[in-house]
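Chemist: Please work out how this folds:
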Amino acid sequence: MKPLGPIPPGYAVIDGQIAIGGETVTALVKRAGGTPLFVYSRQLLEQRIADLRAAMPKKLNINYAIKANPFGPVLEMMSGLIDGFDIASGGELAMVRQAGIDPARVSFAGPGKNDAELGAAIAAGVTLNIESAGEMRRALGIGQQTGVKPQLALRVNPDFELRGSGMKMGGGAKPFGIDQDQIPALAKELIAGGANWRGLHIFTGSQSLDSAAIIEAQANVLELANQLAQEIGEPLPKLNLGGGLGIPYFNGDKPVDLQTIGGALEAAFSDLPPALAQTEMCIELGRYLVGEAGVYLTTIVDRKVSHGETYLVTDGGLHHQLAASGNFGTVVRRNYPLAVATRYLADPEETVNVVGCLCTPLDRLADKVQLPRAEVGDLIAVFCAGAYGATASPAAFLGHGPALELLV
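Modeler: Numbering: from 1, shown residues only. Below is the predicted model:
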């Protein structure tokens with residue numbers, strides 16, 4: 001038997017079934033028109049952001065990195081809850097504009113922006129987080145050609161990293177950002193080139209559950225920002241401190257300590273050096289805001305036994321939940337939180353494997369887990385599905401197509 005990850009708090013139960021937004025999973029599937037189905041909870045999204053604001057300094061703005069979940073209704077809802085949006089492509093720029101979000105609230109990072117993307121962002125008034133000297137000069141050239149002053153910040157590749165982060169975005173050789181020793185000269189060139197100087201973006205890593213490491217990284221970011229601001233010789237209008245806050249996926253994972261992180265940041269903000277005293281501060285989060293508010297529902301279509309092991313075969317799989325299958329950067333596969341959604345209160349009776357419908361042995365949603373006995377037609381729920389599911393999985397693989405999505 002292998003343990004499951006921890007099911008996030010906040011999900012209700014009606015008639016023995018998981019309920020979201022006051023509706024059972026069976027009712028939600030009927031309303032959506034079938035499975036596989038991603039369901040996102042308004043209540044859990046609102047609660048997460050309220051808890052975050054309560055714990056963090058009032059000076060700190062909250063940005064949403066839409067790559068975590070760019071579903072249109074989620075973007076529209078987020079518009080009234082957070083302060084800014086972070087995008088990583090021209091396609092995501094189109095998504096935020098379609099959602100009615102003011103481009104002045106948007107910043108654009110990513111190491112491979114093409115000229116069309118740079119031009120669209122400059123024309124819209126989006127802040128570009130510049131990733132190289134070449135990108136900066138292309139942006140300045142586009143601004144001169146079009147007569148539109150670019151809004152430019154510099155993304156810094158710092159010498160330090162976020163210890164224990166799932167994805168390291170800074171420290172050493174990286175495709176992301178500009179090495180910190182090159183920043184002052186490029187900032188001066190940017191300002192002299194006629195751009196609107198928008199500050200620094202220092203993103204060190206993501207998916208960390210180590211509160212002490214996050215506090216250390218944030219302190220290092222503030223120290224580096226102060227040093228760079230003094231070397232540039234201009235006020236720093238804005239500092240994006242990056243993200244880093246992770247969510248528990250696997251057995252033994254514990255949530256980050258928001259109160260401790262917020263308290264440390266409050267103390268740091270209360271004693272800012274003069275170069276940062278008037279700087280607008282923000283944190284950039286994606287997974288932390290939406291991950292635990294989403295559930296992936298998939299229907300059991302077959303139940304079979306092979307060499308004494310029971311397999312529950314579903315109509316979903318890795319084409320929608322690549323990370324839950326263990327094929328999204330995980331070295332050793334571990335089980336996500338998962339349940340029989342239509343028999344949620346029943347006692348575990350058997351050890352089973354939950355697999356998807358794809359013709360590959362990689363398509364696994366749970367290995368050797370204890371679950372209530374489930375039959376064909378029952379619904380399986382994969383939790384922590386609000387981030388990097390619908391859009392970070394190979395939905396076109398084997399022609400099965402995308403899952404349905406609901407915000408309730």
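Chemist: neighbours of residue 211, just the number please.
Modeler: By the criterion of other C-beta atoms under 10 Å, residue 211 has 18 neighbours. For the C-beta atoms, the positions are set from N, CA and C on the backbone; glycine is no exception.
Chemist: Do you know the pLDDT at it?
Modeler: We have a pLDDT of 93 for residue 211.
Chemist: average model confidence for the helix or strand hosting residue 97?
Modeler: Of the helices and strands defined by DSSP states H and E, residue 97 is found in helix 90-98. On average, the pLDDT along helix 90-98 is 97.
Chemist: go on, stretch 370-383?
Modeler: Per-residue scores along stretch 370-383 average to 98.
Chemist: Can you mark which positions in that stretch are buried?
Modeler: Judged by neighbour count using 16 or more other C-beta atoms under 10 Å, the buried positions of stretch 370-383 are 371-374, 378-383.
Chemist: Same check on stretch 127-141?
Modeler: Neighbour-count burial for stretch 127-141 flags 127-132, 135-136, 138-140 (criterion: 16+ other C-beta under 10 Å).
Chemist: Then stretch 68-78?
Modeler: 68-71, 74-75, 77-78.
Chemist: again with stretch 9-24
Modeler: Buried residues in stretch 9-24, counted by 16+ other C-beta under 10 Å: 11, 17-21, 23-24.
Chemist: Just give me the closest of these to residue 364.
Modeler: residue 18 (21.6 Å; C-beta to C-beta).
Chemist: any chance of the buried residues of stretch 68-78 in JSON lines, plus secondary structure?
Modeler: Shown next, in JSON lines, are these (DSSP: H, G, I helix; E, B strand; the rest coil):
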{"residue": "68", "secondary structure": "helix"}
{"residue": "69", "secondary structure": "coil"}
{"residue": "70", "secondary structure": "coil"}
{"residue": "71", "secondary structure": "coil"}
{"residue": "74", "secondary structure": "helix"}
{"residue": "75", "secondary structure": "helix"}
{"residue": "77", "secondary structure": "helix"}
{"residue": "78", "secondary structure": "helix"}
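Chemist: Between all of those, which two are separated the most?
Modeler: Longest distance between any two of the buried residues of stretch 68-78 is 13.7 Å, between 68 and 77; criterion C-beta to C-beta.
Chemist: Surely residue 54 is in a strand?
Modeler: No. The assignment for residue 54, made by three-state DSSP, is helix rather than a strand.
Chemist: Count the neighbours of it for me.
Modeler: There are 10 residues near residue 54, going by other C-beta under 10 Å.
Chemist: Per-residue pLDDT of it, please?
Modeler: On the pLDDT scale, residue 54 is placed at 98.
Chemist: Which other helices and strands does the strand or helix carrying residue 227 contact?
Modeler: Element membership for residue 227 (DSSP H and E) is helix 211-232. Other helices and strands packing on helix 211-232, by 3 or more C-beta pairs under 8 Å, 6 or more residues apart in numbering; DSSP states H and E, are helix 183-192, strand 238-240, helix 258-269.
Chemist: buried stuff in that helix?
Modeler: In helix 211-232, counting by 16+ other C-beta under 10 Å, buried: 211, 213-218, 220-222, 224-226, 228-229, 231-232.
Chemist: hang on, the earlier thing: among the helices and strands packed on helix 211-232, show me which one is buried the most.
Modeler: With neighbours taken as mean count of other C-beta atoms under 10 Å, these reach their highest mean count in strand 238-240, at a mean of 24.
Chemist: Show me the contact partners of it.
Modeler: Strand 238-240 has contacts (C-beta atoms under 8 Å, 6 or more residues apart in numbering) with 63, 86, 107, 127, 129, 153, 198-203, 221-222, 225, 276, 279-284.
Chemist: What mean pLDDT does it get?
Modeler: Here strand 238-240 scores 98 as its mean pLDDT.
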